[in-house]
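Chemist: Sharing a model that was predicted from the sequence below.
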Amino acid sequence: MVDTCFWIRMIEFFPHSLMRRSLLTMEFLQIPVAVLRYSKLKIKTVYTVNLESRYLLIQGVPALGVMKELVEQFALYGAIEEYNALDEYPAEQFTEVYLIKFQKLQSARIAKRKLDERSFFGSLLHVCYAPEFETVQETREKLQDRRKYIAKATSNRVHFVVKKIQEPKKTVSKNSEHDFQPETLGFSAAGANTGNWDPSACCPYPYQPSCEFSSRNTACPSGGHFQRVLAFPQYVSNCAETSESFCQSKPLTQSAQQGGYTNTPVSLVLQRKVSSDNGIGRFMPRTTQLQERKRKRDQGNQIDFIGIDSDSTGVIIGPRLPEIPKVDMDDDSLNTSASLIRNKLTEVAVSVPKSSGEKPEDTQTKPPIKQRRRI
Amino acid sequence: MSQKQRDLLELGRLEYLQALVTEFQVTESPEAKEQVLANLANFAYDPKNYEYLRQLQVLDLFLDMLTEDNEILVEFAIGGLCNLCLDKTNKDYILEADGVAPVINCLSSSNEETVMSAVTTLMYLTTPQSRQQTTAFAVVECMLRFSLSANRRLSNLARVFLEDYCSPVQVEEARNLSKHTAVGIPLPKD
C-alpha cells in the first residue's frame, strides 16, 4: 500500500518548508528513514530554544491596510502583548512586514504553526520566530521557561533536598505566581520550584527563584500586576486605535468601550499611555513619524470625544469625524506651511465675508497635506 | 519490499529512532549522515524521547560528533545536546562523559548557530560541581566578546550568561585581562 515511492512523491509534492515544519515540530510524520536519502527534503536547522520566541515576524502581508484583520487573526491563538508594522524591514513589492509579540511562547508556537503559509487577502503569509527582537530579559525568561518545562516534563522525583532548602523562597514564588499568573498552569508550582533548583543552587549571586515575575515587574515600569490586568484591554484599545487610524470605524471603539473596563476618560487615557509607550518605542528602530503623528492626533480626538460623551450621558455616536483639531504637525517646516495656509485662508475669508462661516474648514486644508505625505 | 516498508511505518517511536541511529551508522553518504543527525537532534527537543535516546546512546553520538570536521554535523550535534541537556539524567551523563570541554570548543566555531547552542548548553550544564569548568576564565572572556556582538541573539545570550552564571568578580577579572591583551579587537588592515 504505502511504499517508498509514495513518500518521495509526498515530499516532492508538498512545499519544502511545510514538510520541514512538520518534521521540526515533531508532528510525527513518520517518513521511512530510507526516504530521507532519496528525497530532496533537507533539514537545514535543528530546532532549539534559541530559535523560538514570543516574537513572530509576519512577512507577505498585502499592503491593503489590513493590520486590524491580521492582528485579529493572530489574536485567535493567544493574547498579544504588542504589535507593529516594520516599515523599514525589507519586503517584497506591495507587501508589508509585521511584528507581533505574544504574551506566551506557546501561543506564538501555535499561531506560527497555524498561520504560516496561510493565504491572507490573496497573499501567502510567511511567519517565523524573531528572537532577534528580544530584550536580554526576555531571552532570560525564555531560557528559564524551557528549564521549567523540562523539569516538569521529565519527572517530579528529583530535587527533594533542594526543595527543602528553598522552602521560604518557594512560598514567595508560589504566591507571586498565583497573583500574577493565574492562568499559567503550564508550569505548576512544583514544576517552577524544581525548575529553579539548579541555577539558584549553583550561583551564589542574586538569582531570584521568582525570576520570571520579578523580572516582568522591572521590565515594565508600570508594574507587573498592573500590566497583567491591563493586558487584554490594552490590546483592545490598541486595536481600536489602529482601526481608527485606518478607517475611523466606530463599531470598534464601541466594543472597546464595552470591552470590560470603565467608561471614564481617565482610565482610557491611562491605558492609551501605556500602550503607546510600549508600542513604538521598542519596536521601531526608526519610528515612522507619520504613524506617530497620526496616532497622537487620534488620541486628541479620542479624548475630546470621550469628554463629550461623559458629559451628555447620551448614546455613543462614534469618534469625531476627521476634522483634526490639532495644529501641531510635529515638524517645524510643516507647521510653518500649515500656518501660512491658514493665514492665507483667513485673509481670503476676511476679504470675502460670505465665506466666514467656513472658518472651521481651514483645519480641513490639512488633510491634503497629510494625504500627500502619506503617499 | 513493500511489506518491509509497511512494517517500518508501523514501528513505534523507539524503533523509529533505532532505525535512524542504524541509518546513521550504516550510511556512507555524508549528506544522509547530516540529515539523520538533524532528525535525531530535532527529536531531542521533545522530552518524551529522552528515555529512548539514552537507550540508543544518542548522547554519545552527539558528543562524538562535536569533534568532527564537518561543521554541519557539529551544528546539529550541539543543537541536539542543547535540546536534551536540561534533563537531570542527561546532564549528569554529559558531565560524567567530560562533555563540557568539547562544548566549550564549539564557542570558537564560525557558525553562529553552533556558538549559540553552545552558550545555551553551557548555561544548562552549569551545576555547583561543574561551575568551575563551565565558567572557566576563557569562557567568561569569550562571553564578554559575544556580549558586544552585533548579533542581538548572541549578545543577549552572552549577557544572560555573564549576569546569571558568572560572579561579578569573574567578569571583572576577565574584562581587565582582555583590556591588556586586546583580545578580540581586530587589527587594522595596513
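Modeler: On my side now, so go ahead. Keep in mind the model is a prediction, meaning the values are calculated, not measured.

Chemist: any idea how far stretch B:98-115 is from the chain center?
Modeler: Computed by C-alpha atoms, centre = their mean, to the nearest Å, the chain-centroid distance of stretch B:98-115 equals 7 Å.

Chemist: ugh, typo on my part, it should be stretch B:168-178
Modeler: Relative to its parent chain, stretch B:168-178 has a centroid offset of 25 Å by C-alpha atoms, centre = their mean.

Chemist: quick check: mean pLDDT across it?
Modeler: In this model, stretch B:168-178 has a mean pLDDT of 87.

Chemist: And for stretch B:135-148?
Modeler: If you average the pLDDT over stretch B:135-148, you get 92.

Chemist: Name the SS class of B:Leu20, please.
Modeler: Remark: B:Leu20 carries the secondary structure label helix [criterion: DSSP: H, G, I helix; E, B strand; the rest coil].

Chemist: from memory it sits against B:Ala38, does it?
Modeler: No - counting by C-beta atoms under 8 Å, B:Leu20 does not reach B:Ala38; the two are 10.2 Å apart. Yep, even glycine has a C-beta here, placed from its N, CA and C like the rest.

Chemist: where in chain A is pLDDT low?
Modeler: Counting by pLDDT under 70, chain A contains low-confidence residues at A:1-41, A:156-290, A:292-293, A:296, A:300-329, A:352-375.

Chemist: Domain-wise, how is chain A divided?
Modeler: Chain A breaks down by automatic domain parsing into domains covering A:4-38, A:55-133, A:138-219, A:227-311, A:332-374.

Chemist: And for chain B?
Modeler: Listed by automatic domain parsing, the domain ranges of chain B are B:2-130, B:135-183.

Chemist: who wins for proximity to A:Val49 among these?
Modeler: domain B:2-130 (6.3 Å; C-beta to C-beta).

Chemist: Of all residues in chain B, which one is closest to chain A?
Modeler: With distances taken as C-beta to the nearest C-beta, chain B approaches chain A most closely at B:Gly79, which sits 3.1 Å away.

Chemist: measure the residue nearest to that residue when sequence neighbours are not counted to B:Glu112 for me?
Modeler: Closest residue to B:Gly79 in three dimensions, ignoring its sequence neighbours and counting by C-beta to C-beta, 6 or more residues apart in numbering or on different chains: A:Val46, at 3.1 Å. Taking C-beta to C-beta, to the nearest Å as the criterion, A:Val46 is separated from B:Glu112 by 13 Å.

Chemist: Repeat that for B:Asp98.
Modeler: B:Asp98 sits 26 Å away from B:Glu112, going by C-beta to C-beta.

Chemist: and those two? which has more neighbours close in?
Modeler: The residue with the greater number of neighbours, taking B:Asp98 and B:Glu112 and applying other C-beta atoms under 10 Å in any protein chain shown, is B:Glu112; the counts read 14 against 10.

Chemist: And the more buried one, what's its pLDDT?
Modeler: On pLDDT, B:Glu112 comes in at 91.

Chemist: Also B:Glu51?
Modeler: Model confidence at B:Glu51, given as pLDDT, is 89.

Chemist: is it true that it lies in a helix?
Modeler: Yes - counting by three-state DSSP, one finds B:Glu51 located in a helix.

Chemist: now stretch B:151-168, how far from the centre of its chain.
Modeler: Distance of stretch B:151-168 from the chain centroid (C-alpha atoms, centre = their mean) equals 17 Å.

Chemist: Would you mind listing the outside residues contacting that stretch?
Modeler: Residues outside stretch B:151-168 that contact it (C-beta atoms under 8 Å, 6 or more residues apart in numbering or on different chains): A:50, A:131-136, A:139-140, A:143, A:199, A:203-205, A:207, B:112, B:115-116, B:119-120, B:122-123, B:126, B:131, B:134-135, B:140, B:143-149, B:171.

Chemist: now, which of these lie within helices?
Modeler: A:136, A:139-140, A:143, A:199, B:112, B:115-116, B:119-120, B:122-123, B:131, B:134, B:140, B:143-146, B:171 (DSSP state H).

Chemist: Give the burial count for B:Asn39, as a bare number.
Modeler: Applying the criterion other C-beta under 10 Å, we find 25 residues in the vicinity of B:Asn39.

Chemist: go on, B:Pro168?
Modeler: Per other C-beta under 10 Å, the neighbour tally for B:Pro168 reads 10.

Chemist: about what we covered before: turn the buried ones among the ones in helices among the contacts of stretch B:151-168 into a named ChimeraX selection, would you?
Modeler: Entered in ChimeraX, the line below selects the buried ones among those, by 16 or more other C-beta atoms under 10 Å in any protein chain shown:
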select /A:136,139,140,143,199 /B:115,116,119,120,122,123,131,134,140,143,144,145,146,171
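
Chemist: Quick check: beta-bridge partners of A:Glu82?
Modeler: Beta-bridge pairing for A:Glu82 (DSSP bridges): A:Lys101.

Chemist: So B:Leu20 and B:Ala38 - more neighbours on which side?
Modeler: Neighbours per residue (other C-beta under 10 Å) separate B:Leu20 from B:Ala38, with B:Ala38 holding more: 26 against 20.

Chemist: and the more buried one, that one's in a helix?
Modeler: Yes - counting by three-state DSSP, B:Ala38 falls inside a helix.

Chemist: coming back round to it: for the residue of chain B closest to chain A, what are its contacts?
Modeler: Going by C-beta under 8 Å, 6+ apart, B:Gly79 touches A:Thr45, A:Val46, A:Tyr47, A:Thr48, B:Ala41, B:Glu113, B:Ser117.

Chemist: Secondary structure class of A:Gly97, three-state.
Modeler: Check again: residue A:97 is Val, not Gly. Taking three-state DSSP as the rule, one finds A:Val97 in the strand state.

Chemist: isn't it right up against A:Asn84?
Modeler: No - with contact defined as C-beta under 8 Å, A:Val97 does not reach A:Asn84; the gap is 9.6 Å.

Chemist: coming back round to it: hang on, isn't the residue nearest to B:Gly79 packed against B:Ala38?
Modeler: Yes - using C-beta under 8 Å, A:Val46 is in contact with B:Ala38, at 5.7 Å.

Chemist: what sits in contact with each of the two?
Modeler: B:Phe76.

Chemist: nearest to A:Phe74, of the contacts of B:Gly79?
Modeler: Using C-beta to C-beta, the contacts of B:Gly79 come closest to A:Phe74 at A:Tyr47, 21.0 Å.

Chemist: For the closest one, identify the helix or strand it belongs to.
Modeler: Using DSSP states H and E, A:Tyr47 maps to neither a helix nor a strand.

Chemist: The closest residue to chain B within chain A: how many residues sit nearby?
Modeler: The minimum distance from chain A to chain B, using C-beta to the nearest C-beta, falls at A:Val46 (3.1 Å). Burial measure for A:Val46: 27 neighbouring residues, criterion other C-beta under 10 Å.

Chemist: And B:Gln57, by the same measure?
Modeler: Taking other C-beta under 10 Å as the criterion, the count of residues near B:Gln57 is 13.

Chemist: Contact partners for it?
Modeler: Applying C-beta under 8 Å, 6+ apart, no residues qualify as near B:Gln57.
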